[in-house]
Structures are given as C-alpha cells and as structure tokens.
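Asker: pasting the sequence and the predicted coordinates here, then a few questions.
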Amino acid sequence: CGSRAWTVVNSAMVCVMPAQAAPETVVAKVNGIEITEGEIQFAENEVDLSNIPPKERRRALVEHLAQIHLMADAAEKAKFGSGADFEARMKYYRLRALREAYVEKNVRNSVTNEVAKAHYDERLKSIPVQQEIRARHILVKTEEEAKKIAKEIEGGLDFAEAAKKYSQDDAGEGGGDLGYFSPGQMLKEFEVVAFATPAGKVSAPVQTKHGWHLIKVEDKRDRKLPSFDEVKDQIVASLTRAKLQKAVLEMYGSAKIEYIDPEIKKAVEEEAAAAAEAQKAEAAAAEAEKKSEGDKKEPEKKEPEKK
C-alpha cells in the first residue's frame, strides 16, 4: 500500500486507496480480499449514512464492507455457504437485488438534475415572497415599567443596553436580539406590532401572555428562499419516492394477489369491504347533493298583467 492511509477493522489490516470512479477499481484490501468501487456503490444504497458527516461517509462504507468480507470469509471457512437455509436466503436476496435493479434503472435514474431543477423552478412560482424582520425586545411585567424604559430610550439610552439592564427574559443578555423571524413565528399580538413598526423605530408597549414588551425593529427584508443546490437532495428523494409509489400502485392494480393465510386473508377482505362501503356512501352523498341542487328551481317569471 506504500504511503496510502491504513486503518484497522476487527483486528484486520485494511489498506484504503484513493477514490476512483470505475466499478472494478480496488479501493481497499482486507486480509488480501479486495473491496471495489462497485461494492461501495451497492453499499451506499443500503447503508444509512444520515448521521455520518459527508467527509467520513466513504470511509464508513469501506469499513462496513470490510466487516462484511471478514464475516463472509469466516462463514466460508465454517462451510455455511450451502444447504437449504442458505439457498432460501440467496433466493430472497436475489428478489431484493432484482427490486433494487428495477428501482435504480426505472425510477431513480429517471429523476435527473434537470427534472429536479424543473420541479424546483415550478415550486418557486407558487411560493409568495414573504417579509422577515430582525428585532430586539425588552420584556417587563407592567405597562408602567415599559413606558418608563421607553422614555429613557427616547432620552438617549441605547435600546440594546436598556434590554441588558431591564429585560426580564434570557434575550436580555444579548441586548434583546431576537434575530430574523417571519410571520407565524411569534405570538400574534407581538407579531402584529413588530411588522407594523418601521425599521429603526421603537414600538409603543405591547402586551402578551408573557408581559409587556418594547420592540425595536432593526431591519426588514424579503425572506431568502433556499437555492436549488441546498434542497436538491430533498427534491430528488421526494420525486423518487413519488415515482416509486406510483409504480408500485400501478403494479398492484394489474396484479392478481391471492392470500392463502386465513388471518391475513380475513383482514384484507374486511379492509376491502370497509373501503367499498365508504366509497358507496360517498357516491350516495354526492348523488343526494346533486339531486338537492336539481330540486332548487328558479321562481317562475310572471308576465305583467295587462290593464
């Protein structure tokens, strides 16, 4: 391995090679057993890496595969690779592999960056521009206290210093700074006054369930929407799930599924019967509403009487 990095997995020496794109490229060796780039790609689809920092995920996959190779080697030596139980496992794993191949080629690969970007652009059109403000506040128990502090601020006392001196909440230590917030994030009484106060100005005292507030609005701006790169992974995942669900529902719709187990069969039949009854009731309600609308006749127009 020369100067390349070394790591130890389960007391076995693993040599980690630099990242390569070709599936047959050897990325690491564990006791002489090769771990390839292709194996990493397969492992990436089945290992949950959400709690692992992005820079450490590749190494985590290599170590995961190293463990698999070590245990598989031990199983081979113990003659566990044959027999009815092993064949049954292989049959099931083949089903999973076929399913994954279908998802990869017919679902996941169809959600390209272009498709995701088009979805992002379309969503942007439907999201209204929302204002957000940055404000400070001072919280006290009574209106009289709030008015007294307001006069001190009018007389030249810095609002942030007044918050540190008088505010009776944790934000006071930071000069009452609440950061930026959008509509719906604060109590309604507080929010209405805050958004109505011009930037750079201090509000009149306003009461909430917490007490009396003085609010200084530091800044107002349009809320910045996340860029495509920031939400691309979420969009791709969402579109992939939707396409997969659609494909599964279409397959179920055209498939003939026979339940042999009595308990499962009974549960499925009861569920189907309940769904049919609900659909029937919904159709009856719609028909009744339609009939009711039809029964409402406009009053007859009478010709004016001739004199």
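Answerer: Now that the structure is in, tell me what you want to look at.

Asker: ranges for the strands of the stretch 1-150 of the chain?
Answerer: Secondary structure of the stretch 1-150 of the chain by DSSP state E, counting those that start in this stretch: the strands cover 6-9, 12-16, 26-30, 33-36, 131-140.

Asker: residue closest to the middle of the chain?
Answerer: Centroid-nearest residue in the chain: residue 234, 6.5 Å away (criterion: CA atoms, centre = their mean).

Asker: tell me which helix or strand that one sits in.
Answerer: Using DSSP states H and E, residue 234 maps to helix 228-254.

Asker: name the residues of stretch 69-80 that are buried.
Answerer: Neighbour counts over stretch 69-80 (16 or more other CB atoms under 10 Å) mark 69-70 as buried. Backbone N, C-alpha and C define where each C-beta goes, glycine included.

Asker: thinking again about what came up before, report the mean per-residue pLDDT for the helix or strand just after the helix holding residue 234.
Answerer: Scanning forward in sequence from helix 228-254 by DSSP H and E, the next helix or strand is helix 262-295. Averaged across helix 262-295, pLDDT comes to 87.

Asker: return the distance of helix 262-295 from the chain's centre.
Answerer: The chain centroid and the centroid of helix 262-295 are separated by 34 Å, computed with CA atoms, centre = their mean, to the nearest Å.

Asker: and what of stretch 159-169?
Answerer: For stretch 159-169 - counting by CA atoms, centre = their mean - the centre lies 38 Å from the chain centre.

Asker: just use 48 as the starting number from now, easier for me
Answerer: Okay, residue one is now 48; in that scheme the one you just asked about reads as stretch 206-216.

Asker: pull the CA atoms of it into PDB?
Answerer: What follows is stretch 206-216, C-alpha atoms only, in PDB (Å, rounded to 0.1, in the frame of the first residue of the first chain):
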ATOM      1  CA  PHE A 206     -32.000  50.000  23.200                       C
ATOM      2  CA  ALA A 207     -29.600  47.100  23.500                       C
ATOM      3  CA  GLU A 208     -28.200  48.500  26.700                       C
ATOM      4  CA  ALA A 209     -31.700  49.000  28.100                       C
ATOM      5  CA  ALA A 210     -32.500  45.400  27.300                       C
ATOM      6  CA  LYS A 211     -29.400  44.200  29.100                       C
ATOM      7  CA  LYS A 212     -30.400  46.300  32.100                       C
ATOM      8  CA  TYR A 213     -34.200  45.800  32.300                       C
ATOM      9  CA  SER A 214     -35.400  42.900  30.200                       C
ATOM     10  CA  GLN A 215     -36.700  40.000  32.300                       C
ATOM     11  CA  ASP A 216     -36.000  37.200  29.800                       C
END
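
Asker: now what about that stretch, what contacts it?
Answerer: By CB atoms under 8 Å, 6 or more residues apart in numbering, the residues outside stretch 206-216 that reach it are 183-188, 192, 196, 199-200, 218-224, 249, 257-258, 261, 263.

Asker: so, low pLDDT: which residues of the stretch 198-347 of the chain?
Answerer: 341-347 (pLDDT under 70).

Asker: per-residue confidence for residue 58?
Answerer: 40.

Asker: same question for residue 68.
Answerer: Residue 68 carries a pLDDT value of 62.

Asker: ok, what's across the strand from residue 254?
Answerer: Following DSSP bridges, residue 254 is listed with bridge partners residue 259.

Asker: does it touch residue 190 like I think?
Answerer: Yes. Assessed by CB atoms under 8 Å, residue 254 is found in contact with residue 190 at 7.1 Å.

Asker: identify each buried residue in the helix holding residue 281, please.
Answerer: 282-283, 286-287, 290-291.

Asker: can you tell me the SS state at the closest residue in space to residue 180 that isn't next to it in sequence?
Answerer: Using CB to CB, 6 or more residues apart in numbering and skipping residues adjacent in sequence, the residue nearest residue 180 is residue 267, 4.9 Å away. Recorded secondary structure, residue 267: strand (DSSP: H, G, I helix; E, B strand; the rest coil).

Asker: still on that earlier bit, what's the PyMOL line that selects buried ones from the contacts of stretch 206-216?
Answerer: In PyMOL, a selection of the buried entries from those looks like this (16+ other CB under 10 Å):
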select buried, resi 183+184+185+186+187+192+196+200+218+219+222+223+224+249+258+261+263
